[in-house]
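Novice: output the structure for:
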Amino acid sequence: MPFEIQPFIAGSLAFFLNKKTMPDLDKNDLSAYDLGHQSIADLAEKIVIEQCNIPIFAGFKRRIYWLRLDSVCSGRSGLISGNKVFKLLPSIKKAKAEGVSQLISFGGAWSNHLHALAAAGQDYALDTVGIVRGERKPQLTACLSDAVEMGMRLQFVSRADYQRLQQPENWPQLQRQFGSLSTQSMVVPVGGSNIDGVLGAYDMGQAILQRLDSDVSDIWLAAATGGTAAGMIAALQDSYDPEVSQAATRRRQVTAVSVLRHCELAHEIKVFLTQIAALKSRKMCEKGTASQPWRLLDEYHCGGYARVNKDLLAFHQQLEHQLQEPLDQVYMAKLLFGLWSSLIAEANSGADTQNAGSIAVVWSGGQQGRRGL
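Specialist: Below is the predicted model of the structure:
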């Protein structure tokens with residue numbers, strides 16, 4: 001029987017599964033979408049936490065929960081959703097507070113980040129520019145077509161220039177090229193992973209940790225730029241009280257599954273942790289010490305960013321069939337493939353999991369890559 005994706009209407013998917021033209025936003029009337037009334041903590045309270053009941057994970061003794069970040073959206077269009085809510089809103093608030101009228105950022109042809117940033121520009125009256133990796137194709141992808149419809153200007157650059165322009169010392173060049181005497185621009189790093197975005201992820205992590213069942217010992221998430229991972233790790237570090245006995249609280253750990261190949265993601269996460277520590281005037285633990293509650297798995301990238309192999313494709317198809325909703329293969333399928341493989345290895349090792357804690361999986365949202373599969 002041919003495999004079919006079942007209808008799923010929620011958050012960011014509504015735009016391209018049931019696309020409607022949004023009315024024009026009056027740039028002089030933003031009161032209905034006042035950023036000041038959207039605190040990260042309040043938004044994090046809306047994250048749906050549900051138990052995983054699909055067959056592929058049913059044979060394991062550990063209970064698994066989904067942390068459905070895709071249940072949260074911001075802006076009048078609802079197209080800023082998932083982890084992009086927590087990583088982008090702080091930069092948007094900063095831009096509005098400082099009188100910035102244009103945001104410039106980076107991404108690929110199926111970038112969740114550029115799609116969300118374009119929506120932010122549309123929703124919060126900001127001009128947006130997307131620096132796109134690679135040559136322009138005769139026809140734009142559906143993701144980039146959406147971004148253009150939402151007002152984003154696109155600039156295609158070579159892969160070498162894409163890497164070069166991401167270095168902060170080259171950002172003034174971008175600001176001059178796309179700005180004007182009356183335009184103040186802000187460059188937002190790829191994925192929204194600047195310190196503001198990481199602190200947004202930190203606030204999100206704190207709110208999540210307060211809601212998790214005490215039985216949860218492991219938090220799994222996908223990682224590319226490291227911003228969401230660093231925020232969650234820092235929140236977890238701050239939530240741990242070494243003076244409380246182990247009998248009263250379960251020690252928790254964050255596992256980040258890298259979706260990139262040959263990257264320095266562990267280093268990037270440590271840099272973010274150091275920055276958070278400096279801002280909060282405290283010292284983070286070094287990776288590898290007994291109290292450091294995180295690890296990075298880098299063997300499930302399946303060939304590199306946005307790449308798949310036959311094993312991942314088969315696993316991804318099975319996941320979608322059991323979930324009865326679309327699942328992106330760029331982040332979530334690799335994350336769940338890593339989790340499933342780890343649980344298989346744990347079961348085959350004969351390890352005693354009778355008292356092992358439950359697992360919470362961060363469902364980051366973002367379906368642009370799935371549209372391009």
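
Novice: so which residue is dead centre in this structure?
Specialist: residue 83 (4.1 Å; C-alpha atoms, centre = their mean).

Novice: now do the buried residues in stretch 330-350.
Specialist: Of the residues in stretch 330-350, 330-343 count as buried by neighbour count, 16 or more other C-beta atoms under 10 Å. C-beta coordinates here come from the backbone N, C-alpha and C atoms, glycine included.

Novice: among those residues, name the ones in helices.
Specialist: Of the buried residues of stretch 330-350, the ones assigned to helices by DSSP state H are 332-343.

Novice: need those in JSON lines (columns: distance to residue 296).
Specialist: Formatted as JSON lines, those follow (distance: C-beta to C-beta, whole Å):
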{"residue": "332", "distance to residue 296": "17"}
{"residue": "333", "distance to residue 296": "18"}
{"residue": "334", "distance to residue 296": "13"}
{"residue": "335", "distance to residue 296": "12"}
{"residue": "336", "distance to residue 296": "17"}
{"residue": "337", "distance to residue 296": "16"}
{"residue": "338", "distance to residue 296": "11"}
{"residue": "339", "distance to residue 296": "14"}
{"residue": "340", "distance to residue 296": "18"}
{"residue": "341", "distance to residue 296": "15"}
{"residue": "342", "distance to residue 296": "13"}
{"residue": "343", "distance to residue 296": "18"}
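
Novice: I'd like the residues you listed as TSV, with distance to residue 361 and pLDDT appended.
Specialist: Formatted as TSV, these follow (distance: C-beta to C-beta, whole Å; pLDDT from 0 to 100):
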residue	distance to residue 361	pLDDT
332	9	91
333	12	90
334	12	92
335	7	95
336	7	95
337	12	93
338	10	94
339	7	96
340	11	94
341	14	93
342	12	94
343	12	94
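
Novice: any idea how far the residue lying closest to the residue nearest to the centre of the chain once chain neighbours are set aside lies from residue 70?
Specialist: Distances taken as C-beta to C-beta, 6 or more residues apart in numbering put residue 364 closest to residue 83, at 4.5 Å, once the chain neighbours are dropped. Computed as C-beta to C-beta, to the nearest Å, the residue 364 to residue 70 distance reads 8 Å.

Novice: from what I can see residue 112 touches residue 372, true?
Specialist: No. Counting by C-beta atoms under 8 Å, residue 112 stays clear of residue 372, with 11.2 Å between them.

Novice: intersection of neighbour lists for residue 364 and residue 70?
Specialist: residue 82 (C-beta atoms under 8 Å, 6 or more residues apart in numbering).

Novice: returning to what we had before: more crowded one of residue 112 and residue 372?
Specialist: residue 112 (28 against 16; other C-beta atoms under 10 Å).

Novice: which is the succeeding secondary structure element to the lowest-mean-pLDDT helix or strand in the chain?
Specialist: Within the chain, no helix or strand scores below helix 13-17, which has a mean of 32 by mean pLDDT, DSSP states H and E. Later in the chain than helix 13-17, the nearest helix or strand by DSSP states H and E is helix 40-44.

Novice: check which residues of that next one are buried.
Specialist: Buried-residue list, helix 40-44, by 16+ other C-beta under 10 Å: 40, 43-44.

Novice: make a markdown table from those residues and add distance to residue 235 and pLDDT to it.
Specialist: Below are the buried residues of helix 40-44 laid out as a markdown table (distance: C-beta to C-beta, whole Å; pLDDT from 0 to 100):
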| residue | distance to residue 235 | pLDDT |
| --- | --- | --- |
| 40 | 11 | 85 |
| 43 | 15 | 90 |
| 44 | 10 | 89 |
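
Novice: one step back: state the pair within the buried residues of stretch 330-350 that is farthest apart.
Specialist: Within these, two members stand farthest from each other by C-beta to C-beta: 330 and 343, at 21.8 Å.

Novice: how about the strands in the stretch 1-150 of the chain?
Specialist: 48-51, 64-68, 73-74, 80-81, 102-107, 127-133 (DSSP state E, counting those that start in this stretch).

Novice: any chance of those strands in TSV, with mean neighbour count, mean pLDDT and distance to residue 57 too?
Specialist: Shown next, in TSV, are the strands of the stretch 1-150 of the chain (neighbours: other C-beta atoms under 10 Å; pLDDT from 0 to 100; distance: least, C-beta to C-beta, whole Å):
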stretch	mean neighbour count	mean pLDDT	distance to residue 57
strand 48-51	12	95	10
strand 64-68	21	97	5
strand 73-74	24	89	27
strand 80-81	28	92	24
strand 102-107	24	96	31
strand 127-133	22	96	34
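
Novice: tell me, how many residues neighbour residue 307?
Specialist: 14.

Novice: report whether it is found in a helix, as I expect.
Specialist: No. Checked against DSSP: H, G, I helix; E, B strand; the rest coil, residue 307 lies outside a helix; its state is coil.
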